[in-house]
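> Return a 3D structure for these sequence lines:
(2 chains)
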Number of protein chains: 2
Amino acid sequence: MTYSVEWRGDRVRMLDQSKLPQEERYDELTESDDVAAAIRDMRVRGAPAIGVAAAYGVALAALHADRLGPSLRAPHIEMAIATLAQTRPTAVNLFAALERMRAVLRQSSPADLSRALTEEALRIHREEIDASAAISTYGASLIPPNATVLTHCNAGMIATAAHGTALGAIVEAHRQGKVTRVIATETRPLLQGARLTIWELVNAGVPATLITDSMVCHVMQTMHVDCVIVGADRIAANGDVANKIGTCGIAMLARAHHIPFYVAAPTSTVDLSVRTGAGITIEQRSPDEVTSFAGRRVATAGPDVLNPAFDVTPHRCVAAIVTERGIITAPYIRGLKECAGHAGEGGK
Amino acid sequence: MTYSVEWRGDRVRMLDQSKLPQEERYDELTESDDVAAAIRDMRVRGAPAIGVAAAYGVALAALHADRLGPSLRAPHIEMAIATLAQTRPTAVNLFAALERMRAVLRQSSPADLSRALTEEALRIHREEIDASAAISTYGASLIPPNATVLTHCNAGMIATAAHGTALGAIVEAHRQGKVTRVIATETRPLLQGARLTIWELVNAGVPATLITDSMVCHVMQTMHVDCVIVGADRIAANGDVANKIGTCGIAMLARAHHIPFYVAAPTSTVDLSVRTGAGITIEQRSPDEVTSFAGRRVATAGPDVLNPAFDVTPHRCVAAIVTERGIITAPYIRGLKECAGHAGEGGK
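Model (predicted):
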């Protein structure tokens, strides 16, 4: 199985998600700074994939550090970690992965750094792969037979460098013969749904229907939608979920139509240090993503433009959170603490 | 004042809305069939503007009919009416305007047809202008001081060939010093918000903020939105409102956030013959509008694609319907009958 992010001994091989579906291009990166740029420009995106890519970025910095004097190695790697941490503010997997890499950095002798850090990065990736496999199985169990499932953005293989979370569950349920149709929103502004989710679903042989983000309510009104499943970029201790812009609207519309709304994400996405969604930093991206597409300007010059990359779904709209340790339901404050508290300890 | 659709003695001058904002191009049409094509291709769009354009299309057919033998004139014009009626199925103004033209056709002598039909078309247009002026005034009265107003799609001057309905009310309230900010959704798939509403607001000097359709819930959560105002393509007898796809989602999100949701539309948009929104035909347009963005293909080939042009907002989500005869609140079944029943009688 080829993953969207892979370690190749002395380099990172990475699917350029910004080129899909027109071009399936893999880049080979040897510099930590290039990994940081790829995260910032969203050539690699999806909270778990960002965490894995950042860990490999640190491993690249460690390989370079081997050529420096022993006392310069740790500072060089600390610099790389700092640069990687400044790429995107919302997905907590990035910070969780960098925190683990920093802990290994501080525990290792200069002679052992590159080996120890590469191993830790590979371990982070392997854990994501295992987590997404478990999430796919648990998530699939929530999907009823003959199901029409709606998803937003892309929480698939390419977003996780693994089997996928929300999309992993959908593909697994399809493999079990339970999925009749998947409705995927296009996900403006960067169209991850139209470009990436549809591409993954068509590749996996799953019947996929593309809609614009604005069609969700109409689809819920006029077709039978059995459930909504999305991924997450950060989950607060109370179960509030930061995910791609548009998610909270879909969650509230699902609630109004009595359709269960599920979030599928590894425990690495849970941030117990943030009490509620209000404490999650929401990344604001360039207005150009909204006013232009593929280099073509669509809006007249002059207006103010908002471009928050994420929004926060209140926990009361979430029917269940599917993690690799099981399915958590309300009250989330207890379930998440039991699940992710453990994970935090295990990870350090 | 220049309107987006105008009669020029022997031709119709029409702003090509599909070219905005890059190009402000006016076409001069002399054939009824060209008017039908312009409606179908959405070079002219907006329920009131479609009604006006169709009426002028019939007037053009009548001018051509003058060159035919007296007995051939009425059938020629009936053919043109039939072609115009097949352009778009949802906006009722189209059918209401054509019905009025047909009534005049049947009451007039062959020698008098072109004069009588041109006069009726001009009367329909003048009524829309008067209606939108009254709607702007009534609508503005609903907007509080220092207001942030959200709108969807384009219900402005170019959509009405007049002052605008929803956008007319917003521009009037801004003239009265009450509007601090207008939030306009881009309105996928054809981006009428980004291309047309922002263009009109910037031209009118109104502070405008552009968002994607998927940002509505986040904006309602994190900013103070005082009200939502949109237009309508058809209003059923019970107050259910067919309007641009995405409207019902915004209305339900407004309700969940306790934000009043207003519909501004002339009584020509009310269709008392349709009891509820379930009876309104929803136009399905080409998948290409969704799989492409600004002329570029974005989705991979293969998926099924939905492209309903409209959705139906349940009347329970509508705080008021603003017409040229006043502001109607629930129970709509009575208010609309009083208002539009009258209009129907007056119009025939």
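> What pLDDT does the model give the residue of the stretch 1-150 of chain A found nearest chain B?
The nearest approach of the stretch 1-150 of chain A to chain B comes at A:P21, 3.8 Å away (Cβ to the nearest Cβ). Placement of C-beta: from N, CA and C, glycine included. Listed pLDDT for A:P21 reads 91.
> Pretty sure it sits against B:T300.
Yes. With contact defined as Cβ atoms under 8 Å, A:P21 counts as touching B:T300 (3.8 Å).
> ok, those two, which is more surrounded?
A direct count of neighbours by other Cβ atoms under 10 Å in any protein chain shown for A:P21 and B:T300 places B:T300 higher, at 22 against 19.
> related to what we said a few turns ago, so the residue of the stretch 1-150 of chain A closest to chain B sits in a strand?
No. Assessed by DSSP: H, G, I helix; E, B strand; the rest coil, A:P21 does not belong to a strand; its assignment is coil.
> so what's it up against?
Going by Cβ atoms under 8 Å, 6 or more residues apart in numbering or on different chains, A:P21 touches A:R195, A:L196, A:I198, A:W199, B:A299, B:T300.
> Just the pLDDT at the last one, thanks.
Same thing as B:T300. Taking B:T300 on its own, its pLDDT is 74.
> helix or strand for it, which one?
Using DSSP states H and E, B:T300 sits within no helix or strand.
> Hmm, it is touching A:T197, no?
No. B:T300 is beyond contact range of A:T197, at 10.0 Å (criterion: Cβ under 8 Å).
> which element follows the longest helix along chain A toward the C-terminus?
Secondary structure of chain A per DSSP state H: the longest helix is helix A:113-141. Using DSSP H and E, the next helix or strand after helix A:113-141 towards the C-terminus is strand A:147-151.
> That next one near chain B anywhere?
No. Strand A:147-151 is not in contact with chain B by Cβ under 8 Å from any Cβ of the partner chain; minimum separation 11.7 Å.
> between that strand and helix A:113-141, how many degrees?
140 degrees (axes from the mean of the first three to the mean of the last three Cα atoms, to 10 degrees).
> May I have strand A:147-151 as CSV, with CA atoms only?
Included here for strand A:147-151 are C-alpha records, laid out as CSV according to Å, rounded to 0.1, in the frame of the first residue of the first chain:
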residue,chain,number,x,y,z
ALA,A,147,-26.8,3.7,3.6
THR,A,148,-26.5,7.1,2.0
VAL,A,149,-23.7,8.8,3.8
LEU,A,150,-22.7,12.5,3.5
THR,A,151,-19.2,13.7,4.1
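> ok, it: who's next to it in the sheet?
Sheet pairing for strand A:147-151, assigned by DSSP bridges, gives strand A:179-185 (parallel), strand A:227-230 (parallel).
> circling back to that earlier point, quick one: the longest helix of chain A to chain centroid distance?
With Cα atoms, centre = their mean, to the nearest Å as the basis, helix A:113-141 stands 13 Å off its chain's centre.
> Give the buried residues for it.
A:113-114, A:116-118, A:120-121, A:124-125, A:127-129, A:131-140 (16 or more other Cβ atoms under 10 Å in any protein chain shown).
> as a whole number, average confidence for it?
For helix A:113-141, mean pLDDT rounds to 97.
> Tell me the helices and strands packed up against that helix.
strand A:5-7, helix A:47-65, helix A:70-85, helix A:92-107, helix A:166-175, strand A:261-264, strand A:320-323, strand A:326-328 (3 or more Cβ pairs under 8 Å, 6 or more residues apart in numbering or on different chains; DSSP states H and E).
> Output those in a markdown table, with distance to chain B, mean neighbour count and mean pLDDT appended to each entry.
Shown next, in a markdown table, are the helices and strands packed on helix A:113-141 (distance: least, Cβ to the nearest Cβ, whole Å; neighbours: other Cβ atoms under 10 Å in any protein chain shown; pLDDT from 0 to 100):
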| stretch | distance to chain B | mean neighbour count | mean pLDDT |
| --- | --- | --- | --- |
| strand A:5-7 | 21 | 22 | 97 |
| helix A:47-65 | 18 | 28 | 97 |
| helix A:70-85 | 25 | 17 | 97 |
| helix A:92-107 | 19 | 21 | 97 |
| helix A:166-175 | 14 | 27 | 98 |
| strand A:261-264 | 13 | 27 | 98 |
| strand A:320-323 | 19 | 27 | 98 |
| strand A:326-328 | 23 | 19 | 97 |
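> Domain ranges for chain A, per the record?
A:5-132, A:136-344 (automatic domain parsing).
> Between the helices and strands packed on helix A:113-141, which one is closest to A:S214.
Nearest of these to A:S214, taken as Cβ to Cβ: strand A:261-264 at 18.2 Å.
> name the helices or strands packed onto the closest one?
helix A:113-141, helix A:166-175, strand A:227-230, helix A:247-256, strand A:320-323.
> so, in contact with chain B or not, stretch A:282-302?
Yes. Applying Cβ under 8 Å from any Cβ, one finds stretch A:282-302 touching chain B at A:V290, A:T291, A:F293, A:A294, A:R296, A:R297, A:V298, A:A299, A:T300, A:G302.
> Can I have the buried ones of these as a PyMOL selection?
Selection of buried members from the residues of stretch A:282-302 next to chain B for PyMOL, criterion 16+ other Cβ under 10 Å:
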select buried, chain A and resi 290+291+293+298+299+300
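> need the contact list for the nearest residue to A:A256 once chain neighbours are set aside.
Nearest residue to A:A256 in three dimensions, chain neighbours excluded: B:M252, at 5.4 Å (Cβ to Cβ, 6 or more residues apart in numbering or on different chains). The contact partners of B:M252, by Cβ under 8 Å, 6+ apart, come to A:C217, A:M252, A:L253, A:A256, B:C317.
> Check A:G249 too.
Contacts of A:G249 (Cβ under 8 Å, 6+ apart): A:V216, A:D311, B:S214, B:V216, B:C217, B:H218, B:G249, B:L253.
> Which of those ranks first by neighbour count?
Of all the contacts of A:G249, B:S214 has the most neighbours under the rule other Cβ under 10 Å, reaching 32 neighbours.
> What is the burial count for the residue nearest to it when sequence neighbours are not counted?
Nearest residue to B:S214, sequence neighbours excluded (Cβ to Cβ, 6+ apart): A:G246, at 3.0 Å. Neighbours of A:G246 under the rule other Cβ under 10 Å: 28.
> got it, and the one 10 residues further on?
Residues contacting A:A256 under the criterion other Cβ under 10 Å number 18.
> Go ahead and confirm it touches B:A256.
Yes. The criterion here is Cβ under 8 Å, and A:A256 meets it with B:A256 at 7.1 Å.
> got the contact list for A:V219?
Contacts of A:V219 (Cβ under 8 Å, 6+ apart): A:L150, A:I183, A:I211, A:V225, B:L306.
> before we move on, back to that, now for the residues of stretch A:282-302 next to chain B, which pair is the farthest apart?
Of all pairs in the residues of stretch A:282-302 next to chain B, the most separated under Cβ to Cβ is A:A294 and A:G302 at 21.6 Å.
> how about A:A236, phi and psi?
phi -80, psi 170 (degrees, to the nearest 10).
> In three-state terms, how would the residue lying closest to it once chain neighbours are set aside be classified?
Once flanking residues are discounted, A:A236 sits nearest to A:V274: 4.5 Å by Cβ to Cβ, 6+ apart. Following three-state DSSP, the label given to A:V274 is coil.
> Do I have it right that A:V274 meets A:A237?
Yes. Counting by Cβ under 8 Å, A:V274 touches A:A237, with 6.4 Å between them.
> Could you measure from A:I158 over to A:N203?
10 Å (Cβ to Cβ, to the nearest Å).
> next one: A:T323
26 Å.
> now swap in A:M157 and tell me
A:M157 is 9 Å from A:N203, by Cβ to Cβ.
> So for the two, which residue has more residues nearby?
A:M157 (26 against 14).
> quick one, what contacts that one?
A:Y3, A:S4, A:H163, A:G164, A:L167, A:G168, A:E200.
> Just give me the closest of those to B:L191.
Of all the contacts of A:M157, B:L191 sits closest to A:E200, with 26.4 Å by Cβ to Cβ.
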